[in-house]
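Colleague: Fold the following, please.
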Amino acid sequence: LAKDRIIADASLVIQANPDLILASWCGKKFRPERLCSRPGFERIRAVATGSVHEIPSSEILQPGPAALTDGVMKLHARIGQWVEHHA
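Modeller: Numbering: from 1, shown residues only. You can find the predicted model right below:
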């Protein structure tokens, strides 16, 4: 279910302290500023370095095998771009 894909406990994200955040919102545009303005998120490396990016839902949340082929390739490309920029 869609509700099971939401991280309800924000402290888990803060504790993980990711270098990169890729997010998608089904049917709506993901707004990085809303995520970044959550209490405590300013301490997350990805937020502090501006490494919070949208992956359009049409690229990774579509039904069928395209999410496993096209979606994975899009994720790979976005992560690769981040690595090149931060290496």
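Colleague: The helix or strand encompassing residue 82: which residues count as buried?
Modeller: For residue 82, the host element (DSSP states H and E) is helix 66-86. Buried residues in helix 66-86, defined by neighbour count with 16 or more other CB atoms under 10 Å: 71, 74, 78, 82. Heads up, the C-betas are built off the backbone N, CA and C, glycines and all.
Colleague: Please enumerate the helices of this protein.
Modeller: Assigned by DSSP state H, the helices in the chain fall at 10-16, 32-36, 45-48, 57-60, 66-86.
Colleague: As JSON lines, the ones you listed with mean pLDDT would be great.
Modeller: As requested, the helices of the chain are arranged in JSON lines below (pLDDT from 0 to 100):
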{"stretch": "helix 10-16", "mean pLDDT": "94"}
{"stretch": "helix 32-36", "mean pLDDT": "92"}
{"stretch": "helix 45-48", "mean pLDDT": "97"}
{"stretch": "helix 57-60", "mean pLDDT": "82"}
{"stretch": "helix 66-86", "mean pLDDT": "89"}
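Colleague: do you know which of those lies nearest residue 24?
Modeller: Closest approach to residue 24 among these (CB to CB): helix 57-60, 4.8 Å.
Colleague: In PDB, could you pull the C-alpha coordinates for that closest one?
Modeller: Written as PDB, here are the backbone C-alpha positions of helix 57-60 (Å, rounded to 0.1, in the frame of the first residue of the first chain):
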ATOM      1  CA  SER A  57       6.800   9.300 -10.400                       C
ATOM      2  CA  SER A  58       6.400   8.500 -14.000                       C
ATOM      3  CA  GLU A  59       9.900   7.200 -14.100                       C
ATOM      4  CA  ILE A  60       9.900   4.800 -11.100                       C
END
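Colleague: neighbours around residue 47, how many?
Modeller: The number of residues packed near residue 47 is 22, by other CB atoms under 10 Å.
Colleague: what's the answer for residue 35, then?
Modeller: The number of residues packed around residue 35, counting by other CB under 10 Å, is 19.
Colleague: Find the nearest non-adjacent residue to it, please.
Modeller: In space, and not counting its chain neighbours, residue 35 is closest to residue 52: 6.2 Å by CB to CB, 6 or more residues apart in numbering.
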